[in-house]
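> Requesting a structural model of the entry that follows:
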Amino acid sequence: MQEEAEASQIFTPEMIDKMARIWTRSIITLIDVRFQNVASQYPLEQYKMPSSMFIYACGGEAQIQLNDTTFGMDRFGLVHGGKGSLLSISPKGESVRTFMVFYKAELPLFFKKYLQQLLEQANPFVQQFGYTPSNPILLLDWFQQMMNGWNRGKAMDQLQAKSFLYQLIHGVYRDFEAGEVRYLQPDPACSAKIYLDKHYRKPIMFQEIADMFGISGGQLTRLFKKKEGMSLQEYLIQRRIEAACHDLKHTEATIKEIATGSGFADEKNLFRMFKKYYKMTPSDYRKINALSMQVNGIDNDSHFLYNERELAGLVKSYRDGESTMFGQVRSKEMILAAAMSMMLLLSACTSGAPANNGGTVNPVPAQTQQTTQPEVSETKASEEVSQTRTISTVKGDVEVPNNPQRVVVDYLVGDVVALGVTPLGVARAERSGTETVFANQITDSIRVKMEPEDIMTLEPDLIILAWGEEHYEDLSKIAPTIYVPYGDMTTEERIHFIGDVLNKPEEIKTVLNAYAEKIEEAKLAFQNAGLSDVTITMGEFSDKSNYIAGAKHAVGELVYNELQMQAPSKVQTDIIDADKYWGDISMEVLPAYVGDYVISLGDTEVPADNAVWKSLPVVQHNRIVKVGTSLSWSTDIMTSSALIDHIVNQLLALAK
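Next comes the predicted model:
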């Protein structure tokens, strides 16, 4: 089955190892262990899980549903889901015995940064899966002993219960590692679509949907776009506009009521979406559809015949949304103008204006014409639109100032500065060491911690957040906050996104053109120096361990993907093709991963007396480019530009 194939791809040996590392280093709290005999006449329905849970059902056939995914169970089934998941259990026979283990996971301060990096790749605490264990009787014994120990209430008994939880986790991963179990994994894109179809009228955070599957918001966005041909945000807007169109046609509700009922934040948001997708206001849409129904209903005996889609012989679809009428091509604008003219004509005929002796109608003076309340509110909304804009992000729609003046940015300072904006507040610049690249541009910027208490004192009108996602909700209450998933974006995509947020369309072109020219100049310099075909190894090297960077690393992305330099074959197959951020390589096997040149990242030095290191040709011939933390830590475009200059100059010097 497709679901099984997808599951086998997720539970790879590498992914299992990462999840085991997360479990080992996290703080696990066992909250409760329960037993319930679920009867067919009283099934468990839509139980909202208060924490992460393991559910073990046995003793008969049943359907176990977790959110929108159903797992069919024969006699034994183990299911796991994260906090907030909806659980349903429907026995096919009389009943099934069900054990439930509630637990909570927290990150310790010491390993927090390391674990956060791993959690971006796999989050075992919210991961949703169901499978039949290889040794169901052993698991049944563990669950029974876990529940008995927990219910006795003594500290030693509950400690033993927690030890059984760890045995359970180890047993589950051993089953997955063996690859002989039958497990099902939901399709995140399909489940996300079902979720949006059900909840589009409510406020939606895409990251919360992604959390259901233990993947990042960027991953969910890519999967959804690949499957549906549009982004999550585009699909959500489409569903909301469809609902608004239905209500505009078939109800007498106000524009504000329809906007709120369709899931839009307010009528301004609905107004903007209609202008973008329909090139008209909601009131115009309502009038035209009302007019269409009136015209069709004037004479019931003189209608054109309908075929399956339209009025036969009157209007035919033509190209991308244009229509032909009586054999001539008419644009959408002409059709709209004709409809509006018809509406004005009808209103003139029914206005009751007195006629003069000559039989002509006295025109209504312009100053006496009235507009409806919706048009007045939309005029006001239109004026407000000029002051704010809506940006689509992985966190949902965010309304930002048209020309933000007090911007706070945490990590991608160089992107903001390059686009011509001097931040009011900056964070992490000093810590990363990248401040030297754009020091002159941020001399007046205030250094702050990216925490709500510090940011609140600056009274910003826009916050750009690329690190510390855990602060997003609190920061968004202070000012419009844009989360930039920089790890899921190319340099070009990121500059376009941030430039759109800052409303800098011309600067986007200038910055990207300059960056593209720098890339091409670097390639030409390498070609002229005979360096186009040399192999490059990048990493952090020390006497104990070596971290070899792949193409997902910031510098690896630049060197391998943008400058298109070659990697040694072992680096290519073991790290880049395996989609790793970097590989942990021992000193003994390091020579197989070292190319013609080495780019040494960070400030760690390999001891000069290390025999393996000294034997490397790149060391003997001094073909090592040093890149300190100040240039290797950040991915903003100004730092990347400086890094290109540094690498080009160093490689050209070594080549001579």
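> from here on, contacts and neighbour counts on C-alpha atoms
OK.
> Residue ranges in this structure under the pLDDT threshold?
Applying pLDDT under 70 to the chain picks out residues 1-10, 70, 110-111, 180-187, 190, 213, 291-386, 428-436, 607, 633-634.
> What are the neighbouring residues in contact with residue 560?
551, 566-567 (C-alpha atoms under 8 Å, 6 or more residues apart in numbering).
> Could you do residue 454 as well?
With C-alpha under 8 Å, 6+ apart as the criterion, the residues that contact residue 454 are residue 448.
> which secondary structure element contains it?
When secondary structure is defined using DSSP states H and E, the element that contains residue 454 is helix 452-456.
> tell me which residues of that helix are tucked away?
Neighbour-count burial for helix 452-456, with 16 or more other C-alpha atoms under 10 Å as criterion, is recorded at 452, 455.
> Was I right to think residue 259 contacts residue 274?
No. Applying C-alpha atoms under 8 Å, one finds residue 259 not in contact with residue 274, separated by 11.0 Å.
> Which one of the two is surrounded by more residues?
Using other C-alpha atoms under 10 Å, the more surrounded residue of residue 259 and residue 274 is residue 259, with 26 against 20.
> Wait, a helix at that one?
Yes. Counting by DSSP: H, G, I helix; E, B strand; the rest coil, residue 259 is located in a helix.
> Grab the nearest non-local neighbour of residue 541.
In this structure, residue 541 finds its nearest non-sequential neighbour in residue 606, 6.1 Å apart by C-alpha to C-alpha, 6 or more residues apart in numbering.
> Next up, the contacts around that neighbour.
Applying C-alpha under 8 Å, 6+ apart as the definition, the contact partners of residue 606 turn out to be 541-543, 613.
> out of those, which are buried?
When neighbours are counted using 16+ other C-alpha under 10 Å, those contain these buried positions: 541-543, 613.
> Just want the most central residue of this structure.
Among the residues of the chain, the smallest C-alpha distance to the mean C-alpha position (C-alpha atoms, centre = their mean) belongs to residue 217, namely 2.7 Å.
> Surely it and residue 210 touch.
Yes. In terms of C-alpha under 8 Å, residue 217 counts as a neighbour of residue 210; the distance is 5.4 Å.
> still on that earlier bit, using CSV, write out the CA atom coordinates for the helix holding residue 454.
What follows is helix 452-456, C-alpha atoms only, in CSV (Å, rounded to 0.1, in the frame of the first residue of the first chain):
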residue,chain,number,x,y,z
PRO,A,452,8.9,39.4,24.4
GLU,A,453,10.0,41.5,27.5
ASP,A,454,12.9,43.1,25.6
ILE,A,455,11.0,43.6,22.3
MET,A,456,8.0,45.2,23.9
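> List the contacts of the helix or strand just after it.
Under the assignment DSSP H and E, the closest C-terminal helix or strand after helix 452-456 is strand 462-465. Judged by C-alpha under 8 Å, 6+ apart, the contacts made with strand 462-465 from elsewhere in the structure are 400-401, 404, 406-411, 472, 475, 479-484.
> Looking at the residues you listed, which are in strands?
With strands taken from DSSP state E, the overlap with the contacts of strand 462-465 comprises 400-401, 407-409, 481-483.
> Considering the residues you listed, which is situated nearest to residue 153?
Here the nearest of these to residue 153, counting by C-alpha to C-alpha, is residue 483; it sits at 44.7 Å.
> does the closest one have beta-bridge partners, and which?
The bridge-partner assignment for residue 483, based on DSSP bridges, gives residue 465.
> Surely it and residue 471 touch.
No. Counting by C-alpha under 8 Å, residue 483 sits too far from residue 471 to count as a contact (10.3 Å).
> Please list all residues in contact with the residue nearest to the centre of the chain.
Under the criterion of C-alpha under 8 Å, 6+ apart, the neighbours of residue 217 are 206-207, 210-211, 394.
> Where does residue 225 fall, secondary structure wise?
helix 217-228.
> Give the buried residues for the helix or strand immediately after that helix in the chain.
For helix 217-228, the following helix or strand on the C-terminal side (DSSP H and E) is helix 232-250. Residues of helix 232-250 classed as buried: 232-233, 235-237, 239-241, 243-245, 247-249 (neighbour count, 16+ other C-alpha under 10 Å).
> now do stretch 248-266
By neighbour count with 16+ other C-alpha under 10 Å, stretch 248-266 contains the buried residues 248-249, 255-256, 258-266.
> ok, so of those residues, who is nearest residue 52?
Taking C-alpha to C-alpha as the measure, residue 52 lies nearest residue 263 of the buried residues of stretch 248-266, at 29.3 Å.
> give me every residue that touches the closest one.
Contacts for residue 263 (C-alpha under 8 Å, 6+ apart) come out as 200-203, 240.
> what does residue 595 give?
Residue 595 makes contact with 534-537, 567-568, 618, according to C-alpha under 8 Å, 6+ apart.
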